[in-house]
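Student: Provided below for reference: sequence and predicted model.
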Amino acid sequence: MILVVSTCKYLLSEEEFVRPVVEIVKSYGFDCDVKRYYERINPEDYSKVIICGTALRDSDYLNYIDNFKKLIDYDGSILGICTGYQILAKLYSNTLDEIKKIGVYNVKVVKKNPLIQNDFKAYFLHKFALRNVNKMIEPLAMQGDEICMFKVKDKNFYGVSFYPEVLNREIIVNFIQL
Amino acid sequence: MKVCVLYSGGKDSNLALLKAYEEFEVVCLITLSPKSEESTLFHYPNTEIVKLQAESLGIPLIMKTCSDDEESSLKALYDVLTKAKETYDVNGVVTGAIRSTYQATRFQRICDDLELWCFNPLWLRDEISILNEALENGFEIVFVRVAGLEKTLLGKKLTANIIQKFTEMRNYLNPAGEGGEYETLVLDMPLFTKKLKIVDYGIIGTEYDATLIVKRAELVEK
C-alpha cells in the first residue's frame, strides 16, 4: 500500500496535483491512501510515500511541517514532488533559494539513479528550489544551477522540484516499482 | 475564495466551472474572443453565444476581442484578469486546461504576475473520462467545429455512441479535441437556469475542416 500525501489547501487543487499521481499509481495495480498535510501521518503503515505538489501560491502546508518530521525515521521509500521536494530538503536542514520556474525546461542527469537514466525535459512550477545542499543530500539531476532531483543519502528518499506526472511518468512508475 | 473562470462556452470550461462552483464563489466569467481559429491559446467559434450562456448562469461576463498572435492574446488576458480583480475582487482563476504545457505555462505565469491563484481541475484528466463525466452530469453538448473529422458531426449532440467511436479512434485523435480536432458548445448543464436553443445556423468550410456558425440563438425553459 502506498501513501499519497496532499499538500493542497483547496480540494480544487487536488484535482490538479494529487489525482494525476493517484491515477498513475492505480493504473499500475497499486493501492493507495490519500492523506492531507494537516492529518496525522503514519508512514510505517505503508511501503512507500509520495508527497504531491500544490498551487504556486499555496504555502499553508508550512504551518504543519511538524507533521512530516516522523518521515526522517521512516524505513520505506519517499518521492517528494515539488512541495514534497521542499519538505524533504527542509527536514534535512537545507536552505531553499528563491527560484521561480514556470514551464518546460531541459534537465541533465548528473548521477546514475533508478528513477531515470537519460537527460530529459520536465514541467516546472515553483518559487523555491535548491542550489546548494549539505552532505545529507546527493544531487541526481540539474536544471541550470538548480538541483532539481536529489536523493537523501542512506535512504530511499527522492525529491524532484518538477512535476513528473506531466512529462516524466516513468519517474513515478519506477519509484512505485522500486 | 472569489474566482473567475476562463470560459469559452465549450465542454471543458463548463466542466471546470461546475467543479469550481462546488468549492468557491464564481464571481465572473472571462471570455477572450480570437479573430480566427488560428489562436493557440483560446477557443474560437461562437464566442458571442457565451453572452447567452452567462445570462443563463447569472454570472457576470467580461469579454474581450484579441488578435491571434501570442503576445496580443496574453496582453488581452492580462488586461481582463486585471479588470476582474479590480471589479469583482477576484483571488483566483479557474481554467479548463487539460494537457497543454504551452497553455498551462502561460496561464500560470500571468496568474503569478497578478498574484492570483490558478486552478486547473481537468489537468491531465483522461479525455474520455471528461466526456463521460459531462454526459453523466446532464450536459447537452453540440459540435461546432471539426478539423480532421467529417463535417456531418457539426450540430450533432455528443452521445455515448460518439464517445465510444472516439474511444476506438483514440490512437489517431485526441478524444477531447485538444489537438483542435473539434470544438463544442454547451447548450445545457446543471448550473444553467435556461437552456440554449440554436434557432438558425450556417456551416462554412470543407468536408474535413468546417465550422458551424450560430446565426441566431435564444434561451428557453429547461
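Tutor: Thanks, I have it.
Student: Domains of chain B: list them as residue ranges, please.
Tutor: B:2-119, B:127-220 (automatic domain parsing).
Student: Just name the most buried of the ones you listed.
Tutor: domain B:2-119 (a mean of 19; mean count of other Cβ atoms under 10 Å in any protein chain shown). To be clear about C-beta, it is placed using only N, CA and C from the backbone, and glycine gets the same treatment.
Student: Would you mind naming what in chain B lies close to chain A?
Tutor: B:1, B:19-20, B:23-24, B:94, B:101, B:104-105, B:108-109, B:111-112, B:115-126 (Cβ under 8 Å from any Cβ of the partner chain).
Student: Show residues contacting the longest strand seen in chain A.
Tutor: Taking DSSP state E as the criterion, chain A has its longest strand at strand A:97-109. Residues outside strand A:97-109 that contact it (Cβ atoms under 8 Å, 6 or more residues apart in numbering or on different chains) are A:56, A:116-132, A:140-144, A:146, A:148-149, A:161-162, A:167, B:101, B:105, B:108-109, B:112.
Student: that older thread, reformat the domains of chain B as a markdown table; add mean pLDDT.
Tutor: Output for the domains of chain B, formatted as a markdown table (pLDDT from 0 to 100):
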| stretch | mean pLDDT |
| --- | --- |
| domain B:2-119 | 90 |
| domain B:127-220 | 91 |
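Student: Could you export the ones you listed as JSON lines, including distance to A:K111?
Tutor: Shown next, in JSON lines, are those (distance: least, Cβ to Cβ, whole Å):
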{"stretch": "domain B:2-119", "distance to A:K111": "26"}
{"stretch": "domain B:127-220", "distance to A:K111": "36"}
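Student: Ramachandran angles for A:Y38?
Tutor: Phi and psi for A:Y38, reported as degrees, to the nearest 10, are phi -90, psi 0.
Student: so the spatially closest residue to it that is not a sequence neighbour, which of the three states?
Tutor: Leaving aside its sequence neighbours, A:Y38 sits nearest to A:Y64 (Cβ to Cβ, 6 or more residues apart in numbering or on different chains; 5.0 Å). Classification of A:Y64 by DSSP: H, G, I helix; E, B strand; the rest coil places it in helix.
Student: how many neighbours does A:Y64 have?
Tutor: 14 (other Cβ atoms under 10 Å in any protein chain shown).
Student: Could I get the full set of strands for chain A?
Tutor: Going by DSSP E, chain A shows strands at A:2-6, A:32-36, A:48-51, A:77-81, A:97-109, A:120-129, A:137-143, A:146-152, A:156-160.
Student: Quick check: the closest residue to A:K90 other than its chain neighbours vs A:Y37, distance?
Tutor: Using Cβ to Cβ, 6+ apart and skipping residues adjacent in sequence, the residue nearest A:K90 is A:I65, 6.7 Å away. Distance, A:I65 to A:Y37, by Cβ to Cβ, to the nearest Å: 9 Å.
Student: Among the residues of chain B next to chain A, name the ones in helices.
Tutor: Those of the residues of chain B next to chain A mapping onto helices are B:K19, B:A20, B:E23, B:T101, B:A104, B:T105, B:Q108, B:R109, B:C111, B:D112, per DSSP state H.
Student: Bridged to the nearest residue to the second one once chain neighbours are set aside, which residues?
Tutor: To tie it back to what came earlier, the one meant is B:A20. The spatially closest residue to B:A20, leaving aside those adjacent along the chain, is B:V94, at 4.3 Å (Cβ to Cβ, 6+ apart). Bridge pairing for B:V94 (DSSP bridges) gives the partners B:V5, B:F119.
Student: In which helix or strand does B:R216 reside?
Tutor: If you go by DSSP states H and E, B:R216 is part of strand B:209-220.
Student: ranges for the strands of chain B?
Tutor: B:2-6, B:25-34, B:61-66, B:92-94, B:117-119, B:140-147, B:182-188, B:195-206, B:209-220.
Student: export those to JSON lines and tack on distance to A:E44?
Tutor: Below are the strands of chain B laid out as JSON lines (distance: least, Cβ to Cβ, whole Å):
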{"stretch": "strand B:2-6", "distance to A:E44": "39"}
{"stretch": "strand B:25-34", "distance to A:E44": "41"}
{"stretch": "strand B:61-66", "distance to A:E44": "51"}
{"stretch": "strand B:92-94", "distance to A:E44": "37"}
{"stretch": "strand B:117-119", "distance to A:E44": "34"}
{"stretch": "strand B:140-147", "distance to A:E44": "48"}
{"stretch": "strand B:182-188", "distance to A:E44": "48"}
{"stretch": "strand B:195-206", "distance to A:E44": "54"}
{"stretch": "strand B:209-220", "distance to A:E44": "58"}
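Student: Minimum distance to A:F17: which of these has it?
Tutor: The closest of the strands of chain B to A:F17 is strand B:117-119. By Cβ to Cβ, the value is 10.3 Å.
Student: Tell me which other helices or strands that closest one touches.
Tutor: Applying 3 or more Cβ pairs under 8 Å, 6 or more residues apart in numbering or on different chains; DSSP states H and E, one finds that strand B:117-119 contacts helix A:11-17, strand B:92-94, helix B:101-113.
Student: distance between that strand and the chain's centre?
Tutor: Taking Cα atoms, centre = their mean, to the nearest Å, one finds strand B:117-119 lying 17 Å from the centre of the chain it belongs to.
Student: what's next to it, contact-wise?
Tutor: With Cβ under 8 Å, 6+ apart as the criterion, strand B:117-119 contacts A:10, A:12-13, A:15-16, A:55-58, B:1, B:3, B:16, B:20, B:91-95, B:107-108, B:111-112.
Student: again, 7 Å this time
Tutor: Contact with strand B:117-119 is made by A:12-13, A:16, A:55-57, B:20, B:91-94, B:107-108, B:111, as judged by Cβ atoms under 7 Å, 6 or more residues apart in numbering or on different chains.
Student: Out of the residues you listed, the closest to B:P190 would be?
Tutor: Checking the contacts of strand B:117-119 one by one against B:P190 (Cβ to Cβ), the nearest turns out to be B:A20, at 13.0 Å.
Student: which residues sit in contact with the closest one?
Tutor: A:L12, B:V3, B:V5, B:V26, B:V94, B:F119, B:P121.
Student: Excluding chain neighbours, what is closest to A:E15?
Tutor: B:P121 (4.0 Å).
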